[in-house]
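[1] Need a 3D model of the sequence below.
(chains A and B)
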Protein chains: 2
Amino acid sequence: MKIALLGMGTVGSGVARILLEQADLLAERVGEPMTLTHIMARSINNPYDLDLSSVTMVESIDEIVASDVDLVIELIGGVDHTFAFHKQLIQAGKHIVTANKDMLAQHIDELAAMANQKQVQIGYEATSGGGIPIIQPLEHALNAQHVERVMGILNGTTNFILTKMTEEGAAYGDVLKEAQELGYAEADPTNDVEGFDAQRKISLLSRLAYRRQINVHDIPVKGISQVDVEDLSIAAEKGLVMKLIGQSQFDGEMLHISVEPMFLPANHQLAHVRLAKNAIYVEGEAVGETMFYGPGAGSMETASAVVSDAMNIARFGFIGNVAPEQAVAVSAKETAQDYYIRLKTPNSQALHHLKEAGYTYESIHAEKGAFLLSNVTAEQLASIDESLGLSAAYPIVA
Amino acid sequence: MKIALLGMGTVGSGVARILLEQADLLAERVGEPMTLTHIMARSINNPYDLDLSSVTMVESIDEIVASDVDLVIELIGGVDHTFAFHKQLIQAGKHIVTANKDMLAQHIDELAAMANQKQVQIGYEATSGGGIPIIQPLEHALNAQHVERVMGILNGTTNFILTKMTEEGAAYGDVLKEAQELGYAEADPTNDVEGFDAQRKISLLSRLAYRRQINVHDIPVKGISQVDVEDLSIAAEKGLVMKLIGQSQFDGEMLHISVEPMFLPANHQLAHVRLAKNAIYVEGEAVGETMFYGPGAGSMETASAVVSDAMNIARFGFIGNVAPEQAVAVSAKETAQDYYIRLKTPNSQALHHLKEAGYTYESIHAEKGAFLLSNVTAEQLASIDESLGLSAAYPIVA
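    Numbering: from 1, shown residues only, chains lettered A, B, ... in the order given. Coordinates of the predicted model:
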């Protein structure tokens, strides 16, 4: 199989490395060589000092389209121009493997339908959970049942930041700076810290889990940039650990889906997922709870998922893309849940108010105005915020 | 696709239930109906009150072989006669899905080679980790790299027993009895508690991870029936938790593989896998650490893995069975590791002996003769046992 690679950044150089250095292993497992014949990249980042002399460097997608490559690995990112590239490649009958979650989360329905028509396979294991196999298990292993819930830590950058804040008591801004220095966060961290990266991933995973079209922009999202480290240490007294959680639950009609910082009990499996690791819970009707854990990002880690997709396409060719025809309406969770809250101005009147309004609460730190509030809806919470003024309100995973 | 089911026990009845009750879901996802046409079973256990009127009940494998079924789901267990059945079915060109780890761990190499010749697919996701997708991820997702290590809690019964012993301080015999009453352990628990079930699973997983033939009987195995609950509570003082661990590591020549009770630090992900849950770590060259967690057994849980295999065969037909030609020599781990040890007769001379022999140790509970011993080989441990007399010695996972 002849392969073109678009993009030679962090993941792209890892992919080139596996294709070149593990050529024997791949050929043995696939039954034919996986040959990297073309690279298109703005700049050739070659941290692994690979010998690229046998690879043709091209400058335009038209050269790839016109070439005899069977499969194109797209790792350039971006939305509009890569969407156009994908359409061009599908029309030309080229299989595609990509880690481009931004573009796919918006356009996968159109691309999958087009690809099915053209008998082209699209592999996107690397879009969610980095090197963790999750797209394939959802498609081919947890498929004999209705999935009821998906929930996970889907972003390595924010998990790194929250872990450091929790364990070292460091402030958000300081940890973000450290993460940027270590390469765990980008210069402009917005996509990660405001939850948009996790929003795209929970969209792609939920689409596959429930086989419904989802408008990614409809998914309610809150990031971690406003998280005060003091809330983490107060909540720790009650054994609670904060994680940025993407989750969805489908009741057959409405998809309840969100990305937001939540507190988990310390004995929850997800509470032990530290630093840049990711983990995804999937609850199925028959299988119950399963969890997939591993690296959320990284050059070689993500590259291994990309190459695995390419190998499967080399072995099995077109097997059909999941292309749900029905769209689903989405909303945040509407049922009551427990919350950690903190008052802007701690005062005893607030307590009276909560008591009189019939709420069940437990004080964690009276002086600082921190409470656990049982069984309230988002609507009730908004009204409490209006009357008392909250500086923090985070749901607690049951 | 026409399907025959051999066996209507716990998992078999779950499979029948999914095939019948989720027929629409399966047909939609597969693109054709998955029709249960034949059942062969000594007795029809029908806990889900299924309407089996459309299914032909047969009494001999010859009737299945002569029938027009495309795929046979074998859930009767046993080794010799089911091995014969499998060969007959493969010769007749019937695809097979099975949860029979006892038979497969012994005969998979011969069956896989025969099946490849006959273009027959064998699905065995349900043999390891119950409902957890792990066979498929090893085969199709973590395949772009060398796997370096596999390690897991592979048996629900022993994990249930160890969890209860750890958390409730109950003795082995009492918890075993409780597990038997709850249906978590069989009347004759030997296979589970002596580690044989885990031995078969680590064999099947390692074969796939390293693509080598393995003689399952060569794998060193220790069970939990000799575990004294007192060691669990002493070790807990140092934050250690006992699990029955199946593990393997391949250095390219020798496969270091074993099943034995080990202590893990409480902050290790596997330490949080409680009761009948299972979890499997896979470390790959590129991907690093990944973990798969979920139900280790159960009727519907395991059935969902069986049906998923059947769906993939219905969709993709014969895709080839992994059939390594090279066998690998196995041995227990030979490098030094840390141990928890307890002396049969606590005495201060033992300390002198350890000190003089140059060992590094830390006393946990002097009166009870419990120590942490650093960095000793199995050979050194045997000599310590010989000179001092040990009532317990368990490796500690680093």
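
[2] got the contact list for the spatially most central residue of chain A?
    Averaging the C-alpha coordinates of chain A gives a centre point, and the residue nearest to it by C-alpha atoms, centre = their mean is residue A:201 (3.4 Å). Contact analysis of residue A:201 by C-beta atoms under 8 Å, 6 or more residues apart in numbering or on different chains lists A:101, A:105, A:127-129, A:154-155, A:246. All C-beta spots, glycine's among them, are computed from the backbone N, C-alpha and C.

[3] Just those: which are in strands?
    When strands are assigned by DSSP state E, the members of those inside them are residue A:246.

[4] Among the contacts of residue A:201, show me the least confident.
    Per-residue confidence over these reaches its minimum at residue A:129, where pLDDT is 91.

[5] Which residue, neighbours along the chain excluded, lies closest to it?
    What sits nearest to residue A:129 in space, not counting adjacent residues and going by C-beta to C-beta, 6 or more residues apart in numbering or on different chains, is residue A:278, at 5.0 Å.

[6] Of the contacts of residue A:201, which belong to helices?
    Secondary structure defined by DSSP state H assigns A:101, A:105 of the contacts of residue A:201 to helices.

[7] could the contacts of residue A:201 go into CSV alongside neighbour count?
    As requested, these are arranged in CSV below (neighbours: other C-beta atoms under 10 Å in any protein chain shown):
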residue, neighbour count
A:101, 25
A:105, 25
A:127, 25
A:128, 30
A:129, 30
A:154, 31
A:155, 30
A:246, 29
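
[8] Of the contacts of residue A:201, which is the nearest to chain B?
    Distances from chain B to the contacts of residue A:201, taken as C-beta to the nearest C-beta, are shortest for residue A:129 (9.3 Å).

[9] give the contact list for the closest one.
    Contacts of residue A:129 were listed using C-beta under 8 Å, 6+ apart, and they are A:152, A:154, A:201, A:278, A:280, A:292, A:294, A:296.

[10] Mind checking which of those residues are in helices?
    Here DSSP H is the test, and the contacts of residue A:129 give residue A:201 as lying in helices.

[11] what two of the contacts of residue A:129 have the greatest distance between them?
    Pairwise distances among these were taken by C-beta to C-beta; the largest, 13.8 Å, belongs to A:201 and A:294.

[12] Kindly state the beta-bridge partners for residue A:278.
    With DSSP bridges applied, residue A:278 shows beta-bridge pairing to residue A:294.

[13] what bits of the stretch 51-200 of chain A have low per-residue confidence?
    Counting by pLDDT under 70, the stretch 51-200 of chain A contains no low-confidence range.

[14] interface residues of it facing chain B?
    A:125, A:131-133, A:136-137, A:140-146 (C-beta under 8 Å from any C-beta of the partner chain).

[15] Weed out the non-buried ones from those.
    Of the members of these, the ones counted as buried by neighbours, 16 or more other C-beta atoms under 10 Å in any protein chain shown, are A:125, A:131-133, A:136-137, A:140-145.

[16] pretty sure residue A:339 is touching residue A:397, no?
    No - under the contact definition of C-beta atoms under 8 Å, residue A:339 does not touch residue A:397, with a separation of 11.2 Å.

[17] Which of these two has more residues huddled nearby?
    Residue environment comparison for residue A:339 versus residue A:397 gives the larger neighbour count to residue A:339, 24 against 18, counting by other C-beta atoms under 10 Å in any protein chain shown.

[18] Secondary structure class of residue A:8, three-state.
    Following DSSP: H, G, I helix; E, B strand; the rest coil, residue A:8 is assigned to coil.

[19] Same question for residue A:267.
    When the structure is split into helix, strand and coil by three-state DSSP, residue A:267 lands in coil.

[20] Secondary structure element for the nearest residue to residue A:67 once chain neighbours are set aside, which one?
    With sequence-adjacent residues excluded and distances taken as C-beta to C-beta, 6+ apart, residue A:67 is closest to residue A:38, at 5.9 Å. Mapping residue A:38 onto the secondary structure by DSSP states H and E places it in strand A:35-40.

[21] what lines up beside that strand in the sheet?
    Paired neighbours of strand A:35-40 in the sheet (DSSP bridges): strand A:2-6 (parallel), strand A:56-58 (parallel).

[22] What segments of chain A are helices?
    Counting by DSSP H, residue ranges of the helices within chain A are A:10-21, A:23-30, A:61-66, A:80-91, A:101-118, A:135-136, A:156-168, A:172-182, A:190-193, A:196-210, A:229-236, A:299-316, A:348-356, A:378-388.

[23] For residue B:220, which of these is the nearest?
    Each of the helices of chain A has some distance to residue B:220 by C-beta to C-beta; the shortest is helix A:23-30, at 28.7 Å.

[24] Between helix A:299-316 and that closest one, find me the angle.
    Using axes from the mean of the first three to the mean of the last three C-alpha atoms, to 10 degrees, one finds that helix A:23-30 and helix A:299-316 are set 40 degrees apart in direction.

[25] packing partners for helix A:23-30?
    Judged by 3 or more C-beta pairs under 8 Å, 6 or more residues apart in numbering or on different chains; DSSP states H and E, the packing partners of helix A:23-30 are helix A:299-316.

[26] Measure how the helix it packs on sits relative to helix A:156-168, angle-wise.
    Between the direction of helix A:299-316 and that of helix A:156-168, the angle (the same axes, to 10 degrees) works out to 140 degrees.

[27] Now helix A:299-316: buried residues?
    Applying a neighbour-count criterion of 16+ other C-beta under 10 Å, the buried positions in helix A:299-316 are A:299-315.

[28] That helix vs helix A:10-21, what angle?
    Using the same axes, to 10 degrees: helix A:299-316 against helix A:10-21 is 60 degrees.

[29] Quick one: check helix A:299-316 for contact with chain B.
    Yes - with C-beta under 8 Å from any C-beta as the threshold, helix A:299-316 lies in contact with chain B, specifically through A:300-301, A:303-305, A:307-308, A:310-312, A:315-316.

[30] Now do the same contact list for residue A:68.
    With contacts defined as C-beta under 8 Å, 6+ apart, the neighbours of residue A:68 are residue A:2.

[31] is it true that residue A:381 touches residue A:340?
    No - here residue A:381 does not reach residue A:340: they are 11.2 Å apart, not a contact under C-beta under 8 Å.

[32] quick one: which of those two has more around it?
    Just comparing residue A:381 and residue A:340: by other C-beta under 10 Å the higher neighbour count belongs to residue A:340, 23 against 18.

[33] re the thing from before, what is in contact with residue A:381 and residue A:340 at once?
    Here residue A:381 and residue A:340 have A:373, A:393 as joint contacts, going by C-beta under 8 Å, 6+ apart.

[34] which residues touch residue A:114?
    The contact partners of residue A:114, taken as C-beta under 8 Å, 6+ apart, are A:87, A:90-91, A:120.

[35] Alright, calling it a day.
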